[in-house]
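Asks: A structural model of the following input is requested.
(one chain, ligands or ions: 1)
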Amino acid sequence: MRRGRDAAPHGQGGHVMTAAIVADGVRKRYGDIQAVDGVSLHIEAGEFYGILGPNGAGKTTTLEILEGVREPDEGRIELFGKSPWPRNHELLTRIGVQFQASSFFDKLTTRETIRLFASFHRLGARQADAMLARVGLTDFGSVPADKLSGGQAQRLSIACGLVHDPEIVFLDEPTAGLDPQARRNLWDLLRDVNQEGRTVVLTTHYLDEAEILCDRVSVMEHGKVLKTGAPAALIRELDDMVRVSVESGLVAPDVLRGLLESAGVDNTIVEDDEVSLTVATHTPGPVLSILADQGALRGLEVRGATLEDVFLQLTGREYRA
Ligand SMILES: Nc1ncnc2c1ncn2[C@@H]1O[C@H](COP(=O)(O)OP(=O)(O)OP(=O)(O)O)[C@@H](O)[C@H]1O
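Replies: Have a look, this model is predicted:
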């Protein structure tokens, strides 16, 4: 159920659909630091939504305010039309929060941990064990929770947030510090969670992760949302150059420049680092056909812009997670 959206949702007949989450003008200051500086978000039920930005951008504080665990200084937040602060017990059954894996209770096994979380919601061992199976941890039930690998611990913490079958799931940097395979496994789990119809809101400083998973993202820096949209729409809007690379040595850069010029292909940059010959261009079609005519397509790679390029354009500086 992937949806590409880049605007606030409207139902048929022009009614505005009920949003899962609305934040309007949210601000939070810690001493001298304005951690969140006027954030407004509109997240539709069923969306996979990412809050992106480098360290210190204000992602965690924003998430905690949405979850209702932190009080904003200013602004309005509604989950399904209701304020999460002060604590709203009706909402607590409808939202799931992934706790950081490091905060598991000492001495409890994996199975005891999920059963404890289930008991907070008056659920029994059966539901708890089913959730453990769901995240692939049945075989690790008797392992102390603090002895799980990073990826397993993250799956347990997600299971703890999901055990009561919430409609919205909040995750704070769920793949931080994981190896590439564990990250991919977690992406599959999160995709499934979303495809069951749940709204998923995560923070991440990995732009590739956001691009792969999220229907829409808000890019934050210094407590402000710089831009919101579907990753593909943000990238397309950039109208950045496509980079066409082939193996070096198949055609001389000067020869290629000459051919491009005589074919009327302007605004291209040809670079050869003796491993790859790369052409940056807005018009990859004619570039590819000239390379093909020269029999110079070996090792061809075509790379478009990424969310990193979007960040670069928004902030004027390289993205540093
Ligand atoms: N409890 C707190 N007390 C004081 N300052 C805080 C507190 N929590 C966060 N901050 C500061 O507020 C700013 C935003 O922090 P926040 O954790 O929300 O950002 P973030 O984007 O989640 O960063 P990270 O990716 O490092 O977690 C940072 O400058 C941080 O140092």
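Asks: List the buried residues of the helix or strand where Ser119 lies.
Replies: For Ser119, the host element (DSSP states H and E) is helix 110-120. Residues of helix 110-120 classed as buried by neighbour count (16 or more other Cβ atoms under 10 Å): Thr110, Arg111, Glu112, Thr113, Ile114, Arg115, Leu116, Phe117, Ala118. For every residue, glycine as well, the C-beta is placed using N, CA and C.
Asks: Kindly report the same for stretch 89-105.
Replies: For stretch 89-105, burial by neighbour count (16+ other Cβ under 10 Å) applies to Leu91, Leu92, Arg94, Ile95, Gly96, Val97, Gln98, Ala101, Phe104.
Asks: In a markdown table, list those residues along with distance to the ligand.
Replies: Formatted as a markdown table, these follow (distance: Cβ to the nearest ligand atom, whole Å):
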| residue | distance to the ligand |
| --- | --- |
| Leu91 | 22 |
| Leu92 | 22 |
| Arg94 | 24 |
| Ile95 | 19 |
| Gly96 | 19 |
| Val97 | 15 |
| Gln98 | 14 |
| Ala101 | 15 |
| Phe104 | 19 |
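Asks: Tell me which two of the buried residues of helix 110-120 sit farthest apart.
Replies: For the buried residues of helix 110-120, the maximum inter-member distance is 12.8 Å, found between Thr110 and Ala118 (Cβ to Cβ).
Asks: Can you name the residues that contact whatever residue of the stretch 151-300 of the chain ends up closest to the ligand?
Replies: The ligand sits closest to His205 of the stretch 151-300 of the chain, with a gap of 5.4 Å, by Cβ to the nearest ligand atom. His205 sits next to Leu52, Gly53, Pro54, Asn55, Lys59, Glu173, Ala176, Ala321 when contact means Cβ atoms under 8 Å, 6 or more residues apart in numbering.
Asks: gap between the third one and Val135?
Replies: For Pro54, the distance to Val135 (Cβ to Cβ, to the nearest Å) stands at 29 Å.
Asks: for Ile21, phi and psi?
Replies: The phi and psi values for Ile21, taken as degrees, to the nearest 10, are phi -140, psi 130.
Asks: Tell me the bridge partners for it.
Replies: Here Ile21 sits in beta bridges with Ile43, Leu79, going by DSSP bridges.
Asks: before we move on, back to that, neighbour-wise, give me the winner out of the contacts of His205.
Replies: Leu52 (30 neighbours; other Cβ atoms under 10 Å).
Asks: re the thing from before, who are the packing partners of the helix holding Ser119?
Replies: Counting contacts by 3 or more Cβ pairs under 8 Å, 6 or more residues apart in numbering; DSSP states H and E, helix 110-120 is packed against helix 125-134, helix 150-162.
Asks: Val193 - that's part of a strand, no?
Replies: No: assigned with DSSP: H, G, I helix; E, B strand; the rest coil, Val193 falls outside any strand and is helix.
Asks: Tell me how many other residues surround it.
Replies: Val193, neighbours per other Cβ under 10 Å, totals 22.
Asks: In terms of pLDDT, where does it sit?
Replies: Note on Val193: pLDDT of 94.
Asks: ok, back up a step: for the residue of the stretch 151-300 of the chain closest to the ligand, give me phi and psi.
Replies: Main-chain torsions, His205, degrees, to the nearest 10: phi -110, psi 10.
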